[in-house]
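Peer 1: here is my input; please provide its structure:
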Amino acid sequence: MSAELTASSACHEASEEELLAQLDDVLADYQSVPGALIPVLQIAQAMFGYLPEAALRRISLALGKPYSEVAGVVGFYSFFTTVPRGKHLVRVCMGTACYVRGGKPVLQAFKDALGVEVGETTSDRMFSLDVGRCFGACGLAPVIMIDEDVHQRVKPSKVGRILDRYRREDGSGGNGANGGNP
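Peer 2: Okay, here's the model as predicted:
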């Protein structure tokens with residue numbers, strides 16, 4: 001019994017309190033560093049997976065910045081999020097070429113398949129859905145990215161198969177060389 005407890009406690013996910021304590025250690029290192037706000041926000045987001053309000057308030061106090069300034073930076077940069085993100089980030093290109101060549105129906109297929117709207121995360125925290133403006137592959141439109149994998153010439157009918165591939169995988173996401181044809 002005690003071996004089970006030891007093994008399970010060694011593999012537990014850190015609680016918010018534990019992560020905040022770790023954040024305090026980071027903040028101690030950055031308190032007197034000019035321009036520390038963005039690097040600290042990046043570190044905090046990597047730790048938590050997003051930027052919870054408690055972390056933003058702690059960062060504000062430690063760096064001597066108004067909370068409104070910290071929240072403003074988070075709101076300005078699309079890299080930062082105050083909403084927990086899924087294991088996989090699905091981004092559908094809505095640039096002109098992708099939009100004209102079927103991006104809107106592809107986006108709707110992802111919304112339907114995942115049961116979320118743009119900016120939301122599935123309840124199992126497996127997928128987050130977002131849009132992009134151009135992935136630089138206009139000749140291969142419509143294009144989507146899942147994590148760093150580019151899928152080209154995506155059709156709404158293929159969305160379920162693409163998502164199933166990520167559900168089955170152990171998190172590696174593949175190499176992106178499939179061209180949207182899993």
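Peer 1: give me the mean pLDDT for stretch 143-154.
Peer 2: For stretch 143-154, mean pLDDT is 95.
Peer 1: and it, which residues are buried?
Peer 2: 143-146, 149-154 (16 or more other Cβ atoms under 10 Å). Every C-beta, even on glycine, is put in place using the N, C-alpha and C of the backbone.
Peer 1: could I get those residues as CSV with distance to P52 and secondary structure?
Peer 2: As requested, these are exported to CSV (distance: Cβ to Cβ, whole Å; DSSP: H, G, I helix; E, B strand; the rest coil):
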residue, distance to P52, secondary structure
V143, 32, coil
I144, 28, strand
M145, 26, strand
I146, 25, strand
D149, 28, strand
V150, 31, strand
H151, 31, strand
Q152, 36, coil
R153, 38, coil
V154, 33, coil
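Peer 1: using CSV, write out every CA atom in stretch 109-126.
Peer 2: Taking Å, rounded to 0.1, in the frame of the first residue of the first chain, the C-alpha atoms of stretch 109-126 are listed here in CSV:
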residue,chain,number,x,y,z
ALA,A,109,-16.4,21.2,-39.4
PHE,A,110,-13.9,21.6,-36.6
LYS,A,111,-16.4,23.4,-34.4
ASP,A,112,-18.9,20.6,-35.0
ALA,A,113,-16.5,17.8,-34.5
LEU,A,114,-15.0,19.3,-31.3
GLY,A,115,-18.2,20.9,-29.9
VAL,A,116,-16.4,24.2,-29.2
GLU,A,117,-16.3,27.7,-30.7
VAL,A,118,-13.1,29.6,-31.7
GLY,A,119,-11.1,30.4,-28.6
GLU,A,120,-12.5,27.5,-26.6
THR,A,121,-11.1,24.2,-25.3
THR,A,122,-12.8,20.8,-25.3
SER,A,123,-14.0,19.6,-21.9
ASP,A,124,-11.3,16.8,-21.9
ARG,A,125,-8.6,19.5,-22.6
MET,A,126,-7.5,17.6,-25.6
